[in-house]
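Participant: Prediction below, plus the sequence it came from.
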Amino acid sequence: MNHGYPLLLLMLSAPIAGCATVPAQESDFALHGEEPAGPGIFSGESGKFIFFKDDAALAKASESALESDPPSAKDWEEFAAFKRWLKAREAQDPSYQEFLQWRRFEAYKKWQNTQ
């Protein structure tokens, strides 16, 4: 005969009895699918997604970022190369077609390795 069952029953029923003695309280939580009143974390009173309160703060942040780390000549060269690549993609020039062919070949090699 096992005498551990009464102890196990007591251990399981004690937390349940403790929860039953706590009175219910009203909560400020919204139900599923219901939005609470007031502004959200990332939205203002209007409900728009915002990072800065006003345009002046945005302009100031942009200026301070440029002052602290101005773009170098290499950055401008990379940007110019990116713009050329975008124009080539739009024009469907041969170098872009070659790039697309290379991507298809790489995808084929990857597929072939899985077979």
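Facilitator: On my side now, so go ahead.
Participant: who's in contact with the longest helix anywhere in the chain?
Facilitator: As assigned by DSSP state H, the longest helix anywhere in the chain is helix 94-114. Under the criterion CB atoms under 8 Å, 6 or more residues apart in numbering, residues 85, 88-89 lie in contact with helix 94-114. Yep, even glycine has a C-beta here, placed from its N, CA and C like the rest.
Participant: Over to stretch 73-88?
Facilitator: 71, 95-96.
Participant: tell me the mean pLDDT over it?
Facilitator: Averaged over stretch 73-88, pLDDT sits at 87.
Participant: Tell me which helix or strand in this structure has the weakest average pLDDT.
Facilitator: helix 55-68 (a mean of 71; mean pLDDT, DSSP states H and E).
Participant: Just the CA atoms of the helix or strand following it, as PDB, please.
Facilitator: As assigned by DSSP states H and E, the chain's next helix or strand after helix 55-68 is helix 73-91. Below are the C-alpha coordinates for helix 73-91, written out as PDB (Å, rounded to 0.1, in the frame of the first residue of the first chain):
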ATOM      1  CA  ALA A  73      34.300  60.000 -50.700                       C
ATOM      2  CA  LYS A  74      34.100  56.200 -50.700                       C
ATOM      3  CA  ASP A  75      30.500  56.400 -49.500                       C
ATOM      4  CA  TRP A  76      29.600  58.800 -52.400                       C
ATOM      5  CA  GLU A  77      31.300  56.400 -54.900                       C
ATOM      6  CA  GLU A  78      29.300  53.500 -53.600                       C
ATOM      7  CA  PHE A  79      26.100  55.500 -53.800                       C
ATOM      8  CA  ALA A  80      26.900  56.500 -57.400                       C
ATOM      9  CA  ALA A  81      27.700  52.900 -58.300                       C
ATOM     10  CA  PHE A  82      24.300  51.800 -56.700                       C
ATOM     11  CA  LYS A  83      22.500  54.500 -58.800                       C
ATOM     12  CA  ARG A  84      24.200  53.200 -62.000                       C
ATOM     13  CA  TRP A  85      23.200  49.700 -61.100                       C
ATOM     14  CA  LEU A  86      19.600  50.800 -60.600                       C
ATOM     15  CA  LYS A  87      19.600  52.500 -64.000                       C
ATOM     16  CA  ALA A  88      21.100  49.500 -65.600                       C
ATOM     17  CA  ARG A  89      18.400  47.300 -64.100                       C
ATOM     18  CA  GLU A  90      15.700  49.600 -65.300                       C
ATOM     19  CA  ALA A  91      17.200  49.700 -68.800                       C
END
